[in-house]
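>>> coords please:
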Amino acid sequence: MKYLNHFSLALLLGLMILMSACSAQDKASCSENNKSSNSSNEQISKHIFEIFEDSKGNLWFGTSKNGAARYDGKTLTYFTEEDGLCGSSVANIAEDKEGNLWFGTHMDLCKYDGTKFQTLARKDGVPILGWGWKNMGAGWKSVRTNSDQSIWVNSHHGMFRCDDPTLQIDQLRFTEFEVPMDTAVKGSYCNTPGKISLDLEDRNGNLWFGTDGDGAYKYDGESFTHYSKEDGLLTNNVTNIVEDVKGNIWFACVQSLIPNNMNDGGLCMYNGKQFTTFSDMEGLSQNNIYTLYEDRSGNVWIGANGVGVYRYDPSDEPADNKRFTLYKEPKEAKLETRFNTPGLQSILEDSNGTIWLGYSGGLFRLDGTSIVNVTVDGPW
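Sure thing, here's the model as predicted:
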């Protein structure tokens, strides 16, 4: 077209102004916000894997395919691979004592110092941690800091630790922390023998590891104790472990894909002597439980797939049948896809006391007795 009419010229100028207003760092945020300007139903992401609050009070959301989103109380900003993030799907976020943020993505591990992202160098003995078998590409499922400020990352073939994360990223060294799990056991849920994660450091300093197919392990600093279905776990597929104010250890288990064992899975609690299950509560047995969380008041939150989220009060005051409070799963959280896990993926109580919920379906928060959907336009 040789000439532009007035409407086309105005549209072109508007787009040029819009593009110039987007800095390299918040380009994804600008694009996302403009895309959603005509609709209040635009989800922050279809899948929220992780919710994290940093030491400055910013909320971070690890998404599937949309990178990491940060809400600073006023503005929602997206960080993507174009900004240096080491993957489009963020499974886990941690913060070290220097205030650096660590992002475990489905592709790699990277550090963010508030200005730039740096990806872990893969040379000189630094292990390649893959979602598949050994040496088949990158993929970090989770990253967390411990009480001694070491950084732990997991893979589908082992657990690795960095004792001094203050070094420059090209000088970091991760060493394997060997857990005596049976890697020959075929993971009956994800079919990933060797998959393991550090889920809990309890009040006594014990480390608790969950595995796919080989139950859970406790390390007391000297030796390991193994817990399996034979000991009282509902399955050997453990997805999360937390400790309550009384020292009880809670296990989230998922169902087996083996046809004869598909009526297992659910929630169980270990008091140091025996396991307790909760078959009388809807969704807490014969179900997939992915997420557990303990809030500052000592309540344990449990994501019951397809039912909602339970809050369990471990104090002595409520009667046994009143310890559980159910918040029903909202209709927007029903999204399921072939390559993403359905249900509640992450829970966080922020510094203001708000409970945030990351679902396969979007971001939600607790509002009184209801779970409300939080889109790019809020309500925050």
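
>>> quick check: which ranges of this protein have low pLDDT?
1-41, 121-141, 155-157, 185-194, 257-262, 320-321, 334-341 (pLDDT under 70).

>>> quick one, helices of it?
6-21, 27-35 (DSSP state H).

>>> residues touching the residue positioned nearest the centre of the chain, list them.
The chain has E50 as the residue nearest its centroid, 3.6 Å off, counting by CA atoms, centre = their mean. Neighbouring residues of E50 by CB atoms under 8 Å, 6 or more residues apart in numbering: 60-62, 90-93, 345-346, 358. For glycine as for every other residue, the C-beta is placed from the backbone atoms N, C-alpha and C.

>>> out of the residues you listed, the closest to V179 would be?
N92 (18.6 Å; CB to CB).

>>> these two touch, right, L267 and T277?
Yes: between L267 and T277 a contact is recorded at 7.2 Å, counting by CB atoms under 8 Å.

>>> these two - which one has more neighbours?
Taking neighbours as other CB atoms under 10 Å, L267 and T277 compare with L267 leading, 26 against 17.

>>> circling back to that earlier point, farthest pair within the contacts of E50?
Among these, the pair separated by the greatest distance (CB to CB) is W60 and Q345, which sit 13.9 Å apart.

>>> buried stuff in stretch 167-180?
Residues of stretch 167-180 classed as buried: 169, 172, 174, 177, 179 (neighbour count, 16 or more other CB atoms under 10 Å).

>>> can you check stretch 47-55 too?
Buried residues in stretch 47-55 (16+ other CB under 10 Å): 47-54.

>>> and stretch 229-246, by the same measure?
By 16+ other CB under 10 Å, the buried positions in stretch 229-246 come out as 229, 233-244.

>>> can you flag which of those belong to strands?
Per DSSP state E, strands hold the following members of the buried residues of stretch 229-246: 238-243.

>>> contacting residues for the nearest residue to F275 once chain neighbours are set aside?
If you skip the residues right next to it in sequence, F275 has G232 as its closest partner in space, 2.9 Å away by CB to CB, 6 or more residues apart in numbering. G232 is in contact with 268, 270, 274-275, 277, counting by CB under 8 Å, 6+ apart.

>>> pull the CA atoms of stretch 104-111 into PDB?
Provided in PDB are the C-alpha atoms of stretch 104-111 (Å, rounded to 0.1, in the frame of the first residue of the first chain):
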ATOM      1  CA  GLY A 104      14.700 -23.500  39.000                       C
ATOM      2  CA  THR A 105      13.100 -23.900  35.600                       C
ATOM      3  CA  HIS A 106      12.300 -26.900  33.400                       C
ATOM      4  CA  MET A 107      15.500 -26.000  31.500                       C
ATOM      5  CA  ASP A 108      18.100 -24.800  33.900                       C
ATOM      6  CA  LEU A 109      19.100 -23.000  37.100                       C
ATOM      7  CA  CYS A 110      19.800 -19.200  37.200                       C
ATOM      8  CA  LYS A 111      20.400 -16.400  39.700                       C
END
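
>>> who's in contact with T105?
Applying CB under 8 Å, 6+ apart, the residues near T105 are 85-91, 140.

>>> roughly how far apart are it and G87?
From T105 across to G87, the span is 3 Å (CB to CB, to the nearest Å).

>>> hmm, back to that, could the contacts of T105 be laid out in a markdown table, adding neighbour count and distance to T225?
Output for the contacts of T105, formatted as a markdown table (neighbours: other CB atoms under 10 Å; distance: CB to CB, whole Å):
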| residue | neighbour count | distance to T225 |
| --- | --- | --- |
| L85 | 22 | 38 |
| C86 | 22 | 35 |
| G87 | 24 | 34 |
| S88 | 16 | 38 |
| S89 | 19 | 34 |
| V90 | 31 | 32 |
| A91 | 22 | 27 |
| W140 | 27 | 27 |
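
>>> in strands, which of those fall?
90-91.

>>> now for the contacts of T105: which two are most distant?
Farthest apart among the contacts of T105 - using CB to CB - are S88 and W140, which lie 13.4 Å from each other.

>>> hmm, N66 is touching S88, no?
Yes: between N66 and S88 there is a contact at 7.1 Å, judged by CB under 8 Å.

>>> joint contacts of these two?
Shared contacts of N66 and S88 (CB under 8 Å, 6+ apart): T80.

>>> what about the closest residue to Y217 other than its chain neighbours, distance to G215?
Spatial nearest neighbour of Y217, excluding adjacent residues (CB to CB, 6+ apart): F209 at 4.5 Å. Here F209 is placed at a distance of 10 Å from G215 (CB to CB).

>>> check R70 too.
36 Å.

>>> give me the more crowded residue out of the two.
G215 (24 against 19).

>>> my read: the more buried one touches N236, true?
Yes: counting by CB under 8 Å, G215 touches N236, with 4.5 Å between them.

>>> common neighbours of the two, please.
In contact with both G215 and N236: 228-229, using CB under 8 Å, 6+ apart.
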